[in-house]
Structures are given as structure tokens and as C-alpha cells.
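Undergrad: sequence plus predicted model, see below.
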Amino acid sequence: MTASTSALSLFAIFLVDILTLVYVSMLHDPVLLAAVGIAKVLLFFNSALTTGLIIAATAVLSERIGHRAVRSVPRLTASLMLMVVMVSGLGAALRCAAVGVGGADHPLAGGRGCHL
């Protein structure tokens, strides 16, 4: 039952991505279509990085709980969450810098995104 739920949620995510690309392609602007396509890829990499870090942090935390060192669990949890947020943010900033965010189309995004 868990595998079917996971597969269904993964299908829903990809369906939303496909529908977004179809909608933007109806605008007949190749620059916007390329921007959405690149953004989807960058979001995938950021999600993969964050998921990997959370899995690693959970393994470290589970080991600590298994050794019955429950006094240090709240401090370790806060440290691990801070690490995940910082590494994920740094990874997103590096990817934005590699893509060259801030070009001519930056105002079209409403000034949002990476501010480097």
C-alpha cells in the first residue's frame, strides 16, 4: 500500500510539472518556456539535495536515540535542521549563480528568486 501511495504522489508531481509546461507553451514565448523548464530542473536538484540531507540527519538522530542519549536529542535536532536549511540555501544560491540569474528577464519574475 505504501508503494502505491508513493507512486501516486510522484505521478501527481510530474503531472503538475507537465501541465505547467503545457500552459506556458500556450503563451508562445520560447524564453518563458525555457525559463520554466530550467526552473523545474533546478527545483528537482534542490529537492533531491534536501531529501538526501534530511535522510542523513534522520539516520544520525535515530542512532542517538538508539543509544538512549535523549538529553542531546533536542540540541542535535536543532543543529541538524539548521545544517539542512543552510546547505539547501547555499546549494540553491550556487545553482542560481551558475545559471546566471539576474539577466534581462529578471524583472519579469517580479524581482523574486536569487538575490546574489
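TA: On my side now, so go ahead. Numbering: from 1, shown residues only.
Undergrad: can you mark which positions in the strand or helix carrying residue 57 are buried?
TA: Using DSSP states H and E, residue 57 sits in helix 30-66. For helix 30-66, a neighbour-count test (16 or more other Cβ atoms under 10 Å) marks 35-36, 42, 49-50, 53, 57, 64 as buried. C-beta coordinates here come from the backbone N, C-alpha and C atoms, glycine included.
Undergrad: and which of those is nearest residue 20?
TA: Nearest to residue 20 out of the buried residues of helix 30-66 is residue 36 (Cβ to Cβ; 6.3 Å).
Undergrad: the residue sitting furthest away from the middle of the chain and residue 94, how far apart?
TA: What lies farthest from the middle of the chain is residue 68; by Cα atoms, centre = their mean that is 32.5 Å. Taking Cβ to Cβ, to the nearest Å as the measure, residue 68 falls 39 Å from residue 94.
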